[in-house]
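K.L.:
next input, structure requested:
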Amino acid sequence: MQKDIEYFYSSKNYFLAAVAVFSISFAAGVLISAKYPGASEKLLEMMKDTYGGITALDPFERMLEIFKNNVRTSFMALMGGLVFGLIPLLL
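P.N.:
The predicted structure is shown next:
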C-alpha cells in the first residue's frame, strides 16, 4: 500500500500535465464552437452521417462492428509501425 501511495505522488506531475492538456483542449473547443457555431454543427452532422448507422444495430451487432473497427485500426497501426519503423532502422 505504501508503494502505491509513493507511486501516486511520484506521478503527480504527469497527472497534472494530463489535466492541463484536457482543460486547454476543452476550453479551445468551447471557444471555437462559440465563435464558429456553423463549424461545430457541420462536425456533428458529419459524425451523425458516419456513425449514425451503428445506433440502429442490435447490441450484439453493435459490439461486432466496434470490434471489427478496433481490429482494423490496430492492424493499420501495426503495419504503419512496421513500415515506418523499418525505414529508420535501414538508414
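K.L.:
show me what contacts Glu41?
P.N.:
Shown in contact with Glu41 (C-beta atoms under 8 Å, 6 or more residues apart in numbering): no residues. Where C-beta positions appear, they are placed from N, C-alpha and C, glycine not excepted.
K.L.:
ok, it to Ser33 distance?
P.N.:
To Ser33, Glu41 is 9 Å away according to C-beta to C-beta, to the nearest Å.
K.L.:
with Phe75 instead?
P.N.:
In terms of C-beta to C-beta, Phe75 sits 34 Å off from Ser33.
K.L.:
of the two, which one has the most company?
P.N.:
Comparing Phe75 with Ser33 by other C-beta atoms under 10 Å, the one with more neighbours is Ser33, at 15 against 10.
K.L.:
does the more buried one touch Ala39 like I think?
P.N.:
Yes: between Ser33 and Ala39 there is a contact under C-beta atoms under 8 Å: 7.3 Å.
K.L.:
how about the helices of the protein, start to end?
P.N.:
With helices called from DSSP state H, the chain shows them at 2-10, 12-35, 37-51, 59-90.
K.L.:
what's the distance between Glu6 and Phe67?
P.N.:
38 Å.
K.L.:
now Ser40
P.N.:
For Ser40, the distance to Phe67 equals 30 Å [C-beta to C-beta].
K.L.:
between those two, who's got more neighbours?
P.N.:
Ranked by neighbour count (other C-beta under 10 Å), Ser40 and Phe67 place Ser40 first, with 15 against 10.
K.L.:
list the contacts of that one.
P.N.:
Residues near Ser40 by C-beta under 8 Å, 6+ apart: Ile32, Ser33.
K.L.:
please redo it, this time with the cut-off set to 10 Å
P.N.:
Contact analysis of Ser40 by C-beta atoms under 10 Å, 6 or more residues apart in numbering lists Gly29, Val30, Ile32, Ser33, Ala34.
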